[in-house]
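Engineer: Any chance you can model this:
(4 chains, ligands or ions: 2)
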Amino acid sequence: MAIHSLELPATLSSLTTLENFVRQAMEPAVPSPDVFRDIRLVLEELLVNIVFYAYPGEGGKVRVECSLDPGGKLCIRLRDWGIPFNPLEYPPPRLEGDMAEREIGGLGIHLVKQLAHEIRYFRQEDSNVLTVCFQL
Amino acid sequence: MAIHSLELPATLSSLTTLENFVRQAMEPAVPSPDVFRDIRLVLEELLVNIVFYAYPGEGGKVRVECSLDPGGKLCIRLRDWGIPFNPLEYPPPRLEGDMAEREIGGLGIHLVKQLAHEIRYFRQEDSNVLTVCFQL
Amino acid sequence: MPLTVTSMEKQPGVFVVSPYGSLDTNTHTVLERKIDFLAREGAAKVITLDMGGVDYISSMGVRVVLKTKKELSRRGGALVMMNLKPQIKRVFEIINALPTLQIFSSLQELDDYLTEMQRQVVHG
Amino acid sequence: MPLTVTSMEKQPGVFVVSPYGSLDTNTHTVLERKIDFLAREGAAKVITLDMGGVDYISSMGVRVVLKTKKELSRRGGALVMMNLKPQIKRVFEIINALPTLQIFSSLQELDDYLTEMQRQVVHG
Ligand SMILES: Nc1ncnc2c1ncn2[C@@H]1O[C@H](COP(=O)(O)OP(=O)(O)O)[C@@H](O)[C@H]1O
Ligand SMILES: Nc1ncnc2c1ncn2[C@@H]1O[C@H](COP(=O)(O)OP(=O)(O)O)[C@@H](O)[C@H]1O
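Structural biologist: Residues are numbered from 1 along each chain as shown, chains lettered A, B, ... in the order given. Ligands and ions are numbered 1, 2, ... in the order given. I've put the predicted structure just below:
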């Protein structure tokens, strides 16, 4: 099982690089457009959150690892060295009532939880390690 | 006098490519950081305006040509095939009074006019040709 | 994938805005600025987002839609949507934004709504 | 050049926000979202933008500053700036935004202002 890995600065411009990297790591598997879109959405929400929130100090980096098992399960592991944050424990946003009335927030993590087929989080030394898996 | 040219899609992600292209076209001249920042700002404002406004239809492209004369004058010519628009005729924004009170707009072209050392515009067939020059 | 945005004025202050491409973190500014522009230069009150050309949206795209709705409501206008592809509808569904957003399924339905809106804007 | 943004709460609702890098079309979202976050989670009323780390700003960066000022004023708060590098000051100068923006030249001056602001927010 090949593992591809990459280290990126935690900036918005890393988004395209990350997407292309994961696309290549999936080969030769060809996910359906729907699954591919879900993967892309989960990656965007997670990377963007690292950019916005993980490093309240001077910025930092993200490490990505991708692995595809013979059964067609793709796992993407994102590691950052930012403040401890476990998205699995983050409370779901208030979803009732008129969206346009309330402050807009908490949508990203909710989307990730709904779209990833599997999510695991652990804190390892000074890093957050989040793994999301998809059955291609 | 070498002329470098490049064609780009009129999208926000072309901004970095455009900046790098112009940086290379300037070589071996080394502008002062101040002039370089002005060039970058003018390019950003112009490209972003083409992205936002030139193609109200389905999007389009931009053609860039750079030339540096022996006297150290750098000219950058941007061509788009969008709606006719002559920024030199665009009225200056209202600059008096409390900025935060009024709608925010018209700043980009004003900045370009103040920062470029020379600006020329002509409409050629179905394209807008805008040339901005800087003495490096 | 980049984003391009076209717009059309149906009646004074009533616009159909059609984004085309991906509505995400790197592109949402294009839609945001187009809407700002229509609000400023076109005195936009009612905006119909024709989402037929959008095949990807992230939470940043959703923010632009919800913020625009908020801003237009504040000014007595409205934002409605039409032609959502299944994958786009799904994103709005997951965050339960569909009840908030008026979604039209036919042009006729939209036109009836706009006529009613226009009557209110003019007389209200 | 990317943009990173740090923030510090000086008093309840009073923040110093320090962008670092380029404040342009591709990066302004980072500052915009940080400010949204402080408004939502920190009930930010008064924001001091410490611009000491910003060495490039385009009209998109200026928009974020002016929009934030507008929004905070609407809620009875304020936006002020400090430590503008000459090249940043020049951009605000060209568009004549300096009279609108309160610029502080020393920490002492800022602190006096914040104390006065805080008194008004608490008692007003
Ligand atoms: N990587 C992260 N590190 C630290 N905090 C985070 C991270 N991702 C998200 N958060 C926190 O979780 C909150 C919810 O995130 P999200 O669901 O993406 O919505 P939003 O960004 O709109 O608030 C954020 O406001 C932030 O406080
Ligand atoms: N390349 C262009 N093609 C067509 N119209 C343009 C172009 N650039 C600018 N404009 C028009 O000029 C106006 C002023 O542009 P600008 O000074 O950059 O400020 P802003 O984008 O904030 O309005 C725009 O609102 C738009 O109507």
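Engineer: For the rest of this, base every contact and every neighbour count on C-alpha atoms.
Structural biologist: Fine.
Engineer: How about the secondary structure of residue 47?
Structural biologist: I went with chain A, as the question did not name one. What DSSP: H, G, I helix; E, B strand; the rest coil gives for A:Leu47 is helix.
Engineer: Kindly confirm my reading that C:Lys69 is in a strand.
Structural biologist: No - in this structure, C:Lys69 is helix, not part of a strand, as judged by three-state DSSP.
Engineer: In contact with the residue nearest to it when sequence neighbours are not counted, which residues?
Structural biologist: Closest residue in space to C:Lys69, ignoring its immediate chain neighbours: C:Leu79 at 5.1 Å, by CA to CA, 6 or more residues apart in numbering or on different chains. For C:Leu79, the contacting residues are C:Val46, C:Ile47, C:Thr48, C:Leu49, C:Thr68, C:Lys69, C:Leu72, C:Ser73, C:Leu101, C:Gln102, by CA atoms under 8 Å, 6 or more residues apart in numbering or on different chains.
Engineer: mind giving me TSV with those and columns for secondary structure and distance to ligand 1?
Structural biologist: Shown next, in TSV, are the contacts of C:Leu79 (DSSP: H, G, I helix; E, B strand; the rest coil; distance: CA to the nearest ligand atom, whole Å):
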residue	secondary structure	distance to ligand 1
C:Val46	strand	26
C:Ile47	strand	24
C:Thr48	strand	24
C:Leu49	strand	22
C:Thr68	helix	16
C:Lys69	helix	17
C:Leu72	helix	21
C:Ser73	helix	21
C:Leu101	coil	18
C:Gln102	strand	22
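Engineer: Now the buried members of those residues.
Structural biologist: Buried positions within the contacts of C:Leu79, assessed by neighbour count (16 or more other CA atoms under 10 Å in any protein chain shown), are C:Val46, C:Ile47, C:Thr48, C:Leu49, C:Thr68, C:Lys69, C:Leu72, C:Ser73, C:Leu101.
Engineer: If the third one is in a bridge, with which residues?
Structural biologist: When bridges are assigned using DSSP bridges, the partners listed for C:Thr48 are C:Val16, C:Val80.
Engineer: hang on, isn't it packed against C:Met82?
Structural biologist: Yes - using CA atoms under 8 Å, C:Thr48 is in contact with C:Met82, at 7.2 Å.
Engineer: Tell me which residue of chain C lies closest to chain D.
Structural biologist: Chain D sits closest to C:Asn26 of chain C, with a gap of 7.3 Å, by CA to the nearest CA.
Engineer: What is the three-state secondary structure of that residue?
Structural biologist: Of the three states, C:Asn26 takes coil under three-state DSSP.
Engineer: I'd like to check which residues are in contact with it.
Structural biologist: By CA under 8 Å, 6+ apart, the contact list for C:Asn26 reads A:Leu12, B:Leu12, B:Ser13, D:Asn26.
Engineer: Would you agree the second one falls within a helix?
Structural biologist: No - the assignment for B:Leu12 by three-state DSSP gives coil, which leaves it out of any helix.
Engineer: That one is in contact with B:Val51, isn't it?
Structural biologist: Yes - the criterion here is CA under 8 Å, and B:Leu12 meets it with B:Val51 at 6.8 Å.
Engineer: who has more neighbours, the two?
Structural biologist: B:Val51 (26 against 22; other CA atoms under 10 Å in any protein chain shown).
Engineer: contacting residues around that one?
Structural biologist: B:Val51 neighbours (CA under 8 Å, 6+ apart): B:Ala10, B:Thr11, B:Leu12, B:Gly59, C:Val30.
Engineer: and with 6 Å instead?
Structural biologist: If you count contacts by CA atoms under 6 Å, 6 or more residues apart in numbering or on different chains, B:Val51 has them with B:Ala10, B:Thr11.
Engineer: before we move on, back to that, quick one: which two of the contacts of C:Leu79 are the most distant?
Structural biologist: Based on CA to CA, the longest span within the contacts of C:Leu79 runs between C:Leu49 and C:Ser73 and measures 14.9 Å.
Engineer: so where's chain C shaky on pLDDT?
Structural biologist: For chain C, applying pLDDT under 70 flags the ranges C:121-124.
Engineer: the helices in it, which residues?
Structural biologist: C:28-41, C:59-74, C:86-94, C:107-123 (DSSP state H).
Engineer: and stretch A:124-135, average pLDDT?
Structural biologist: The average pLDDT for stretch A:124-135 rounds to 97.
Engineer: before we move on, what about stretch A:56-63?
Structural biologist: Per-residue pLDDT over stretch A:56-63 has a mean of 88.
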